[in-house]
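Engineer: sharing a model prediction with you, sequence too.
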Amino acid sequence: MTSMITPSTSVRPTPGQASLVTEVALLTQRRARELLREPQWIVSGLATPILYLVLFAPLLKDIPSPLFGGLSVVQMFVPGMLVLFAFGSGQGIGWTVIHELDTGVIERFRVSPVRRVSLLLGSVIRDGLFFIACALVVCLVAVPFGFVIHPLGLILTLLLLALLTGCVSAMSAALGLTLKNIGALAASVMGMQLPLTLLAGALLPISMGPTWLQVLAHLDPFYYAVSAARDLSSGVILSGTVGLGFLVVIALFLLVLAWASRVYRHAVA
Amino acid sequence: MNATATHVPIIEVRGLRKTFTTRKRGAKGENGRTAVEAVAGIDLDVPQGEVFAFLGPNGAGKTTTLRILTTLLPATGGTARVAGFDVTSQQREVRARIGYVGQQGGTDLDHATGRENLHLAARLYGLSKGDAAARAADLLECFDLAALADRETSTYSGGQRRRLDVALGMVGHPAVLFLDEPTTGLDPQNRMNLWEQVRRLKADGATIFLTTHYLDEADALADDVAVMDHGQIIARGTPQELKDRMGVSTLDEVFLTLTGRALRDTDSEGVLS
């Protein structure tokens, strides 16, 4: 009698699968929970930009403001530092992914019907939201140091840079999945961080430097993000720099996300 | 074998092959590349609703076969169908119908409780919040984990963690549950609990495909056994059939008669020939 039943339907009714939106929401919540239960990461994450603000920015106070395009030191410095922080907020996920390869969590998800892209997006969204929340705190802390908040500009800055965090997060996760090795991951991520952020003029405007450096900077997508963030934070919304910044960052985000989801689909753990 | 002929096979494997290319440092010729045939063209039918044990020495190709059947690894050649679907071209359909517990486990150890692990897994199968909570509670109860349900899994003992690993493999009511050495390193109480759950799942109509090095386990649990060595299936039958065929009284003796007494982990190229 069992021979009359087809195997695909006999044991249970066709199993379900959560919708894409539900999947992403559930996996983002899971990542958020990991972070909230390890608050030392939040504290150490926040410490970096605040230390820069307190211990580094004062060194710049005697540099004549025309070099900063007429901006005050703090107004120039905070957006650049937020770009550094945006990178830092996304880079850590690769370590988690390698840990999950070792404990078999990734393998379990890969054998389940969960969409690969949901696993990736859960991390990317968590990191982006984490960046926005912490960056808001940093900006408030910067106010007594003379930072002027232009609300619309600030909102757009945080959105722009959250996309940057998303790029780094997707890249770190995909690298963790392919490299499977903490040393190799650290070398790649750290190896990218310094050249990308220095060349972007995150600490000091590249316009202060020699021509060759300025030419080189234009090859760095982070450069456009820093320039746009400086405009936005000083209240300039409708500028070519801002438009270009969004264009470059959105394009980069889509590219990295497409590559990372490919890696997630094909990676053999 | 004829006892199984009336059943539709829920796992159907034909000519399955997997070749790994490895690079040996300092080796000459062919850029030092050697091809290792981990699975050398196997045919295998597993009838629906039985406990099937896959035996073989380390490096025999058991885990590789299991990973192909669970869509984790692409085959080099041949075909495999699980629960009526092709593991290469219909991965999503296969994944929706199987559970898998690998040697590493699968429990999320990063600040998640046992209940949260199960709840998330159930929600990802499309269950509502209420149904997922009920499913999680049910599995926690079955696996004797209710008392630890709301503790973070990083505090669990090895046996507790293993029970949760297997519970996670069962969340989606799989038609086939794959277990890769599920009881390795467990104490007798934990092994008994797992055996009980495997039997319960079988009574529910599911098929269980497990690899094990404990031949008493295969003897106690399995309806059907296959012994694999050097990438090939070298014996197949019920535990009793195999023992009778070789005129021995335990599966251990069957195993050693078939695969010899030489250690297998000393030369990884043992699978080459």
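Structural biologist: On my side now, so go ahead.
Engineer: could you point out which element follows the lowest-mean-pLDDT helix or strand in chain A?
Structural biologist: Averaged element by element with mean pLDDT, DSSP states H and E, chain A has its least confident helix or strand at helix A:7-10 (a mean of 38). Later in the chain than helix A:7-10, the nearest helix or strand by DSSP states H and E is helix A:20-36.
Engineer: on contacts alone, who are the packing partners of that following helix?
Structural biologist: helix A:39-51, helix A:116-142, helix B:114-124 (3 or more Cβ pairs under 8 Å, 6 or more residues apart in numbering or on different chains; DSSP states H and E). The way it works is simple: take the backbone N, C-alpha and C, and place the C-beta from them, glycine included.
Engineer: which elements pack onto the helix or strand where B:Leu256 lies?
Structural biologist: According to DSSP H and E, B:Leu256 maps onto helix B:251-259. Applying 3+ Cβ pairs under 8 Å, 6+ apart, we find helix B:251-259 packed against helix B:215-221, strand B:224-229, strand B:232-237, helix B:239-246.
Engineer: returning to that earlier point: got the helices and strands packed on helix A:20-36 as JSON lines, with distance to B:Arg200 and mean pLDDT columns?
Structural biologist: Formatted as JSON lines, these follow (distance: least, Cβ to Cβ, whole Å; pLDDT from 0 to 100):
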{"stretch": "helix A:39-51", "distance to B:Arg200": "41", "mean pLDDT": "91"}
{"stretch": "helix A:116-142", "distance to B:Arg200": "31", "mean pLDDT": "96"}
{"stretch": "helix B:114-124", "distance to B:Arg200": "17", "mean pLDDT": "97"}
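Engineer: can you tell me which of those helices is packed in deepest?
Structural biologist: Most buried of those, by mean neighbour count (mean count of other Cβ atoms under 10 Å in any protein chain shown): helix B:114-124, with a mean of 24.
Engineer: distance from the chain centre to the helix or strand that it is followed by, please.
Structural biologist: Next helix or strand after helix B:114-124 toward the C-terminus (DSSP H and E): helix B:129-142. How far helix B:129-142 lies from its chain's middle: 24 Å, per Cα atoms, centre = their mean, to the nearest Å.
Engineer: where does chain B have low pLDDT?
Structural biologist: Applying pLDDT under 70 to chain B flags the ranges B:1-7, B:24-31, B:265-273.
Engineer: could you rerun that using 90?
Structural biologist: B:1-8, B:21-36, B:57-59, B:110, B:184-185, B:212-217, B:219, B:242-273 (pLDDT under 90).
Engineer: hmm, B:Phe20 and B:Ala35 touching each other?
Structural biologist: Yes: counting by Cβ atoms under 8 Å, B:Ala35 touches B:Phe20, with 7.3 Å between them.
Engineer: what's the biggest helix by length in chain A packed up against?
Structural biologist: For chain A, the longest helix by residue count, based on DSSP state H, is helix A:151-179. In terms of contacts (3+ Cβ pairs under 8 Å, 6+ apart), helix A:151-179 is packed against helix A:73-91, helix A:93-103, helix A:116-142, helix A:182-199, helix A:221-233, helix A:240-266.
Engineer: now those helices in TSV, with distance to chain B?
Structural biologist: What follows is the helices and strands packed on helix A:151-179, written out as TSV (distance: least, Cβ to the nearest Cβ, whole Å):
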stretch	distance to chain B
helix A:73-91	17
helix A:93-103	5
helix A:116-142	8
helix A:182-199	15
helix A:221-233	30
helix A:240-266	10
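Engineer: okay, these in a markdown table with distance to A:Leu156 next?
Structural biologist: Shown next, in a markdown table, are these (distance: least, Cβ to Cβ, whole Å):
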| stretch | distance to A:Leu156 |
| --- | --- |
| helix A:73-91 | 11 |
| helix A:93-103 | 25 |
| helix A:116-142 | 12 |
| helix A:182-199 | 20 |
| helix A:221-233 | 5 |
| helix A:240-266 | 8 |
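Engineer: quick one: B:Arg95 from chain A, how far?
Structural biologist: 5 Å (Cβ to the nearest Cβ, to the nearest Å).
Engineer: what number of residues lie near that residue?
Structural biologist: 26 (other Cβ atoms under 10 Å in any protein chain shown).
Engineer: quick check, it in contact with B:Thr71.
Structural biologist: Yes: using Cβ under 8 Å, B:Arg95 is in contact with B:Thr71, at 6.0 Å.
Engineer: so what sits against both of these two?
Structural biologist: A:Val111 (Cβ atoms under 8 Å, 6 or more residues apart in numbering or on different chains).
Engineer: and the closest residue to A:Met171 other than its chain neighbours, what is it in contact with?
Structural biologist: The shortest distance from A:Met171 to any non-neighbouring residue, by Cβ to Cβ, 6 or more residues apart in numbering or on different chains, is to A:Val256 (5.5 Å). Contacts for A:Val256 (Cβ under 8 Å, 6+ apart) come out as A:Gly166, A:Cys167, A:Ala170, A:Met171.
Engineer: how about the nearest residue to the second one, chain neighbours excluded?
Structural biologist: Translated: A:Cys167. A:Val256 (4.6 Å).
Engineer: and that neighbour, what's its pLDDT?
Structural biologist: A:Val256 carries a pLDDT value of 97.
Engineer: what distance do you get for it to A:Leu163?
Structural biologist: Per Cβ to Cβ, to the nearest Å, A:Val256 is found 10 Å from A:Leu163.
Engineer: most centrally placed residue in chain A?
Structural biologist: Nearest to the mean C-alpha position of chain A, counting by Cα atoms, centre = their mean, stands A:Thr165 at 1.0 Å.
Engineer: and that one, how far from A:Met171?
Structural biologist: Distance from A:Thr165 to A:Met171, by Cβ to Cβ: 11 Å.
Engineer: again with B:Gly49
Structural biologist: Taken as Cβ to Cβ, the span from B:Gly49 to A:Met171 is 46 Å.
Engineer: who has more neighbours out of those two?
Structural biologist: Neighbours were counted for B:Gly49 and for A:Met171 using other Cβ under 10 Å; A:Met171 has more, 24 against 21.
Engineer: I'd assumed A:Ala258 was in contact with that one.
Structural biologist: No: using Cβ under 8 Å, A:Met171 makes no contact with A:Ala258, being 11.8 Å away.
Engineer: who are the contact partners of the residue nearest to B:Ala218 when sequence neighbours are not counted?
Structural biologist: Among residues not flanking B:Ala218 along the chain, B:Ala53 sits closest, at 3.8 Å (Cβ to Cβ, 6+ apart). Applying Cβ under 8 Å, 6+ apart to B:Ala53 gives the contacts B:Leu210, B:Thr211, B:Thr212, B:Glu217, B:Ala218, B:Leu221, B:Ala222, B:Asp224, B:Val225, B:Ala226.
Engineer: could you rerun that using 6 Å?
Structural biologist: Residues in contact with B:Ala53 (Cβ atoms under 6 Å, 6 or more residues apart in numbering or on different chains) are B:Leu210, B:Thr212, B:Ala218, B:Ala222, B:Val225.
Engineer: got a PyMOL select line for the buried ones in those residues?
Structural biologist: Those of the contacts of B:Ala53 that count as buried under 16 or more other Cβ atoms under 10 Å in any protein chain shown are selected in PyMOL with:
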select buried, chain B and resi 210+212+218+222+225
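Engineer: which of B:Ala35 and B:Phe20 has more neighbours?
Structural biologist: With neighbours defined as other Cβ under 10 Å, B:Ala35 and B:Phe20 compare such that B:Phe20 has more, 14 against 11.
Engineer: the host helix or strand of that one packs against which elements?
Structural biologist: Taking DSSP H and E as the criterion, the element that holds B:Phe20 is strand B:9-23. Strand B:9-23 is packed against strand B:33-47, strand B:77-82, with contacts defined by 3 or more Cβ pairs under 6 Å, 6 or more residues apart in numbering or on different chains; DSSP states H and E.
Engineer: what is the burial count for the residue nearest to A:Thr96 when sequence neighbours are not counted?
Structural biologist: Spatial nearest neighbour of A:Thr96, chain neighbours left out: B:Asp110 (7.0 Å); criterion: Cβ to Cβ, 6+ apart. Neighbourhood size, B:Asp110 [other Cβ under 10 Å]: 19.
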